[in-house]
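1. mind looking at a prediction? Sequence and model below.
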Amino acid sequence: MAGGISYTSDETTTLSTGEVYAKMLCDLAEQDPRIVTLTADLAKSTKIGAFMERFPQRFYNVGIAEQNMFGIAAGMAKCGLIPFTSCFAIFTSCRGLDQVHTDICYQNLNVKMIGSHAGTSFGQAGTTHHSTEDIAIMRSMANLVVIVPADGLETANAVQAAVAHQGPVYLRINRGFDQAVYDNMDYGFEIGKAVQLHAGTDLTIIACGSGVFQAVQAARELASVDGVKARVLNMHTIKPIDREAIMEAVHDTRRIITVEDHTVIGGLGGAVAEVIAEGGMACAFRRLGLQDAFSPIGLHEDLMSHHKIDANGIIETVRELLQLDFEEDDDWTDEV
Amino acid sequence: MGLNLEELRRLEAKANELRHMTVDTVLHAGSGHIGGAMSVMDIMTILYYRFMRIKKEDPRWEDRDRFILSKGHAGIGFVSILADLGFLEREQLKTFNLTGSDLGIHLDCNKAPGVDASTGSLGHGLSIALGMALAARQLNKDFITYCVLGDGECNEGSVWEAAMAVSHYNATNLITFVDRNRCMIDGDTEDVMKLEPFADKWRAFGFDTREIDGHSFRELNDAIEHALKAEKPVAIICNTIKGCGIDFMAGDFRWHYGAINAELAGKCHASLDQYYQTCLEGKGV
């Protein structure tokens, strides 16, 4: 079994998230001959070209034909290989979805799908290349694990965990550089387990992907400016979601905000809402993300500001939420 | 090596037996995709009973030849073979399509032993088959992957994505068949969405393309033997008859999917017996 590889920020600081993914996959492929990669004319864009250079015999560029790529990957997985597909998130979750659904998820095959340029991270390309529905779509697929790493090092952890996991995985990463949340990989990444990045009892910000860094920034400012103690959870795995961490946050803080570079319908916010609704404890709740809208074009950071999923947007929502009158009651049994 | 008379007789008898079994399965299920199951039966018969290397005791043997029924709706015919080989219990065929059965219209490879891929959404099979062929190459294995598409299925763009790639990778360890029965749900393939010049399309995509009578074991045999030695991927367009062997269904697109009762099943069996005799006489068997 491949694994046991750890990088620090010193080794990855000059690498984009996609480049960290490719570096980790190459290192894992040295250990595990079952790993092969496929792309659909996106070797350069997704950075998996590095794999092509190191393992040309294990790299397949199928041209601009995503449906075919996922079908081929399924056939390869059936024969014992571990195919990694590298493609934009929008084309993984929409263009190739019938094959993703039927060939990979239904047959429960060991295919790892990397959806890059996720959310609005390829902002200037417009809605044709934004991927703001993929979490909702992919998490509805039975058998599929859905991971949205916060930065490059967490992506490296996720790639390693994806190889160790038997079954299909969707790994959603951004274009370009993510702001670093972690300076090393040794923080106990585990599929399905949220990571607390900031302690707090007044409210909880649950974030994924690029929202995580922003949530941490917001929590720090809220602590210093407002004296508000915000808990931050990095919900890197959307499925299976960490119900325990969510309900603990509801119990402890009673105010929950979710942050995602994605529509608020059905994504992280939707997943957290489902857990809370079934959990039997009331709380104040807001979902930050695209509010049932397509995004305008622009730089990623500008779009995050526009959609209020940057630190300022989160702080604004936190202040609003803290104004809400909420029952002071430690006994949750009467809430059910 | 051509088919000798004894082998030809054996295949004709087996195909006839499998068609009878399929009629019984449709009768138990109440209805089914009988037309396309009958048209593809001879292709499947020669593959499973002459060419494919499989182990009856181990349907998941890793070096086995693979078979992808891209026209997954013909599963009701395919299960006859799986039961005959012992991958399924014959009694299981009586559960086909019943609530809770492991056997539904489109077979689930995780429930039906011997099924190499869950197909049914059309236009997927050739890509999966190519993935298997490329994996064989990657893993230094010599298994052959056989893929059967329906002709109507070739309306799907993904078929041509796959065809382009089969040719690009020169996947000669993959043999592609098209069950050219000229019928689809809504009518004749040429009326619904014209496929012709069909063989030219496959040739244009880089295939060594042969057009044969898909109910002639001699022609099937020759084409497959050729494909196994060919230096570029081979597509075998098998001209077939929807509902082949059952006189009142033959060539009628309305029998893509249909219901039969005991009386009709009796007529089917009688017609299959007659067809079998005709085959033996007409083909000099």
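-> That came through fine.

2. switch to C-alpha atoms for all contacts and neighbour counts from now on
-> Fine.

3. in what helix or strand does A:His251 lie?
-> helix A:243-253 (DSSP states H and E).

4. ok, and for that helix, which residues are buried?
-> Buried residues in helix A:243-253, counted by 16 or more other CA atoms under 10 Å in any protein chain shown: A:243, A:245-247, A:249-253.

5. quick one: the residue nearest to the spatial centre of chain A from A:Ala194, how far?
-> Nearest to the mean C-alpha position of chain A, counting by CA atoms, centre = their mean, stands A:Val148 at 1.1 Å. Distance of A:Val148 to A:Ala194, given as CA to CA, to the nearest Å: 11 Å.

6. roughly how far apart are the closest residue to B:Ala262 other than its chain neighbours and chain A?
-> Excluding the flanking residues, the one nearest B:Ala262 by CA to CA, 6 or more residues apart in numbering or on different chains is B:Leu27, at 6.8 Å. Going from B:Leu27 to chain A by CA to the nearest CA, to the nearest Å gives 29 Å.

7. repeat for B:Pro197
-> Distance, B:Pro197 to chain A, by CA to the nearest CA: 24 Å.

8. for residue 172, give me its contacts.
-> Since you didn't name a chain, this refers to chain A. A:89, A:114-116, A:118, A:146-149 (CA atoms under 8 Å, 6 or more residues apart in numbering or on different chains).

9. nope, chain B
-> So B:Thr172 contacts B:227-228, B:230-234 (CA under 8 Å, 6+ apart).

10. now flag whichever of those is closest to chain A.
-> Among the contacts of B:Thr172, B:Pro233 lies closest to chain A (CA to the nearest CA), at 16.4 Å.

11. and A:Ala194, what does it touch?
-> A:233-237, A:242, A:245.

12. what's the closest of the residues you listed to A:Ala180?
-> Closest approach between the contacts of A:Ala194 and A:Ala180, by CA to CA: A:Asn234, at 13.1 Å.

13. surely that closest one touches A:Gln214?
-> No. Look at A:Asn234 against A:Gln214 with CA atoms under 8 Å: they stay out of range, at 11.0 Å.

14. state the distance from the nearest residue in space to A:Thr263 that is not next to it in sequence to chain B.
-> Closest residue to A:Thr263 apart from its sequence neighbours, by CA to CA, 6+ apart: A:Leu290 at 4.3 Å. To chain B, A:Leu290 is 32 Å away according to CA to the nearest CA.

15. could you measure A:Leu290 against A:Thr12, distance?
-> Distance from A:Leu290 to A:Thr12, by CA to CA: 30 Å.

16. ditto for A:Gln57
-> A:Gln57 is 26 Å from A:Thr12, by CA to CA.

17. ditto for B:Gly251
-> 65 Å.

18. cool, A:Asp226 as well?
-> Counting by CA to CA, the gap from A:Asp226 to A:Thr12 is 35 Å.

19. looking at those two, which is more packed in?
-> A:Thr12 (18 against 12; other CA atoms under 10 Å in any protein chain shown).

20. pLDDT wise, what is the nearest residue to that one once chain neighbours are set aside at?
-> Closest residue to A:Thr12 apart from its sequence neighbours, by CA to CA, 6+ apart: A:Val20 at 6.7 Å. Looking at A:Val20, its pLDDT stands at 97.

21. give me every residue that touches the residue of the stretch 151-300 of chain A found nearest chain B.
-> Proximity of the stretch 151-300 of chain A to chain B (CA to the nearest CA) peaks at A:Gly167, 13.6 Å away. Neighbouring residues of A:Gly167 by CA under 8 Å, 6+ apart: A:108-111, A:143-144.

22. quick one, phi/psi of residue 126?
-> Here I'm looking at chain A. phi 90, psi 180 (degrees, to the nearest 10).

23. how is residue 171 assigned, secondary-structure-wise?
-> All of this is about chain A. strand (DSSP: H, G, I helix; E, B strand; the rest coil).

24. so it sits against A:Val148, correct?
-> Yes. In terms of CA under 8 Å, A:Leu171 counts as a neighbour of A:Val148; the distance is 6.0 Å.

25. list the buried residues of stretch A:113-133.
-> Buried, per 16+ other CA under 10 Å, within stretch A:113-133: A:113-123, A:127, A:129-133.

26. show only the entries of those residues found in strands.
-> A:113-116 (DSSP state E).

27. can you tell me what sits against the lengthiest helix in chain A?
-> What stands out as the longest helix in chain A, according to DSSP state H, is helix A:17-31. By CA under 8 Å, 6+ apart, the surrounding residues in contact with helix A:17-31 are A:1-3, A:5, A:12, A:35-36, A:46-51, A:54, A:116, A:151-153, A:155-156, A:159-160, A:173-178.

28. relative orientation of it and strand A:112-116 in degrees?
-> For helix A:17-31 against strand A:112-116, the angle by axes from the mean of the first three to the mean of the last three CA atoms, to 10 degrees is 160 degrees.

29. CA atoms only: put helix A:17-31 into CSV for me.
-> Provided in CSV are the C-alpha atoms of helix A:17-31 (Å, rounded to 0.1, in the frame of the first residue of the first chain):
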residue,chain,number,x,y,z
THR,A,17,-2.5,23.1,-5.6
GLY,A,18,-2.6,21.2,-8.8
GLU,A,19,1.1,20.9,-8.8
VAL,A,20,1.1,19.5,-5.3
TYR,A,21,-1.5,17.0,-6.4
ALA,A,22,0.7,15.9,-9.3
LYS,A,23,3.8,15.7,-7.0
MET,A,24,2.0,13.5,-4.5
LEU,A,25,0.5,11.3,-7.2
CYS,A,26,4.0,10.8,-8.8
ASP,A,27,5.5,9.9,-5.4
LEU,A,28,2.7,7.4,-4.7
ALA,A,29,3.0,6.0,-8.2
GLU,A,30,6.6,5.2,-7.5
GLN,A,31,5.4,2.9,-4.8
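
30. could you identify the helix or strand that succeeds that helix?
-> Counting by DSSP H and E, what follows helix A:17-31 is strand A:35-39.

31. returning to that earlier point: going by neighbour count, list what's buried in the longest helix of chain A.
-> Buried residues in helix A:17-31 (16+ other CA under 10 Å): A:17-29.

32. now do stretch B:244-259
-> B:244-247, B:249-257.

33. how long is that stretch end to end?
-> Stretch B:244-259: ends 17 Å apart by CA to CA.

34. what of stretch A:158-170?
-> 10 Å.

35. stretch B:116-134 too?
-> End-to-end for stretch B:116-134, by CA to CA: 15 Å.

36. same question for it, mean pLDDT?
-> 98.

37. hmm, back to that, in strands, which of the contacts of B:Thr172 appear?
-> Per DSSP E, the subset of these in strands is B:Val234.

38. by neighbours, which of the contacts of B:Thr172 wins?
-> Result: B:Val234 is most packed of the contacts of B:Thr172 (other CA under 10 Å), 30 neighbours.

39. who's in contact with it?
-> Counted by CA under 8 Å, 6+ apart, B:Val234 has contacts B:172, B:174-176, B:207-210, B:227.

40. could you rerun that using 7 Å?
-> B:Val234 sits next to B:175-176, B:207-209, B:227 when contact means CA atoms under 7 Å, 6 or more residues apart in numbering or on different chains.

41. tell me the spacing between it and B:Trp202.
-> 9 Å.

42. closest to chain B among the ones in strands among the buried residues of stretch A:113-133?
-> Nearest member of those to chain B, counting by CA to the nearest CA, is A:Met113, at 15.4 Å.
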